[in-house]
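In: mind looking at a prediction? Sequence and model below.
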Amino acid sequence: MSATHDEKDKMMKAWTLAARPKGMPRDEDFALVEQPLPELADGQVRVVNRWLSVDPYMRGRMNDGKSYVPPFQLGEPMQGGAIGEVVESRAETIQVGTLVSHMAGWRDEAVIPAQHVQPLPDLGVDPQAFLGQFGMPGMTAYYGLLQVAEAKPGDTVFVSAAAGAVGSTVVQIAKAKGMTVIGSAGGRDKTDWVRSLGADAVIDYKGDVPVVEALGKAAPDGIDVYFDNVGGDHLDAALAHARPGARFAICGMIDVYNDAKPTSLKYLARLIGNRVRIQGFIVSDFKDQQGFYRDMAAMLGEGKLQREETVFDGLDRTPEAFLALFSGGNKGKMLVKL
C-alpha cells in the first residue's frame, strides 16, 4: 500500500518516565523527548494519535515491581490507550485513513505491528468514546458488574468513584438492568451529575458525614454488590453494610496508589458470617468484546447511556491530566486531545 508521506528521519515526541515516583508523582518524574520513528517494515502501520487516555492503573506501572502488567522502563516511551489515524501502512489488513485504537499512547505518533491495532467498530459514537465508555473503562464496568459481581435485577449496588469513567458506566448499566444504585462522588457538581445518570442515592465523600454512616442511611437494608474503584474507607463501609451473599468486584483502589498506608479492613470479619465474596479482576480476563459492543449499543439506542469527558489539550499536558486523576479532577473519562 502507498504511504501518504515519505518523510525521512521522521521524529516523534513521547513522554518517558525520568524517575520512579515516590508517593504522588511530580512533574520532574516525567520527560518529553524526541525520538526517530523507524521506517515501516512489512506488516506495520504508522499511526498519528488524535486522542490519548490516562488511567489510574498507570500509576502502578511507574513502580519497579511485579504486577499484571510490566513496569514502564526509565527513558523509554510510556504506554497507554490511544485513538489514532493510520497514515502509512504496509499491512494488507489495515488501510490508510483507518481510525484505530492501540496502546502506544503518551506520544504523538507510533509505528506499530498491524496486529496490535484495532479498527474502531461502526457504532455511531465519537472516536474518543472507544477510550472510555466503549473502551477499556466501559468493558471494566460491564464485566466487573455483570460477570465478576454477578449483579442481577433487584440488587442494591454501591459504586465508589461513581463520577469517574468506570464508575459512571457502572451506575448506568446497573440502572438499565433493573438495580438500585448508590454512588459515591466528591462535591456538589459530581454528586448532582451521578444523580442525573439515574443513581437512586449519592454520597458526597467530601462532606461531613463519614462514608460508613452515609451508606447506612442510603442503604438501611444493606448492599448486595460493591463495585470498588477506591478502597480505603469506601471498602470499609461496604464491608460494614454487606448483606448475606454480597459480592464485591474489586476494580481499583485509587486511595492507596500513592500511599503505602493500607486499607484498615476493620469490618473484615463480617465477610465470614455474611459469606461475602470479594474478587479482584482485570479487564483482559474477558475476551467477548462483540457481546459487550452489542449490549452497550442496545442500551445506547434505548437512551440509557450518556457520557462525560474531561479533556486536556495538547501532548505537553498529558502528565498534568494524569495527575489530576488523583485529586478528583475529572468528571467522566479523562482524555488528552492532540
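Out: Structure's in. What do you need?
In: every contact and neighbour count from this point should use C-alpha atoms.
Out: OK.
In: quick one, what contacts the residue nearest in space to the middle of the chain?
Out: The structure's the chain has its C-alpha centroid closest to residue 137; by CA atoms, centre = their mean the separation is 3.8 Å. Counting by CA atoms under 8 Å, 6 or more residues apart in numbering, residue 137 touches 131, 165-166.
In: hang on, residue 71 packs against residue 77?
Out: No. Using CA atoms under 8 Å, residue 71 is not in contact with residue 77, being 11.8 Å away.
In: who has more neighbours, those two?
Out: residue 77 (21 against 17; other CA atoms under 10 Å).
In: partners of the closest residue to the more buried one other than its chain neighbours in the sheet?
Out: Taking CA to CA, 6 or more residues apart in numbering, and ignoring the residues beside it in sequence, residue 77 has residue 16 as its nearest neighbour in space, at 4.7 Å. Beta-bridge pairing for residue 16 (DSSP bridges): residue 31, residue 77.
In: okay, the contacts of residue 137 in CSV with pLDDT and neighbour count next?
Out: What follows is these, written out as CSV (pLDDT from 0 to 100; neighbours: other CA atoms under 10 Å):
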residue, pLDDT, neighbour count
131, 97, 25
165, 95, 27
166, 96, 28
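In: what's the closest of these to residue 94?
Out: Nearest to residue 94, judged by CA to CA, of these is residue 131 at 19.9 Å.
In: can you give me phi and psi for the closest one?
Out: Residue 131 adopts backbone torsions of phi -100, psi -10, taken as degrees, to the nearest 10.
In: I'd guess residue 215 is in a helix, am I close?
Out: Yes. Judged by DSSP: H, G, I helix; E, B strand; the rest coil, residue 215 forms part of a helix.
In: count the neighbours of residue 91 for me.
Out: For residue 91, the count of nearby residues is 18 (other CA under 10 Å).
In: cool, residue 302 as well?
Out: 10.
In: got it, and residue 213?
Out: Around residue 213 there are 12 other residues, counting by other CA under 10 Å.
In: skip the chain neighbours and tell me the closest residue to it.
Out: Leaving aside its sequence neighbours, residue 213 sits nearest to residue 237 (CA to CA, 6+ apart; 7.8 Å).
In: same deal with residue 113?
Out: In this structure, residue 113 finds its nearest non-sequential neighbour in residue 44, 4.3 Å apart by CA to CA, 6+ apart.
In: and residue 55, by the same measure?
Out: Here the residue nearest residue 55, using CA to CA, 6+ apart, is residue 322, at 6.9 Å.
In: so what's residue 4 scoring on pLDDT?
Out: pLDDT recorded at residue 4 is 44.
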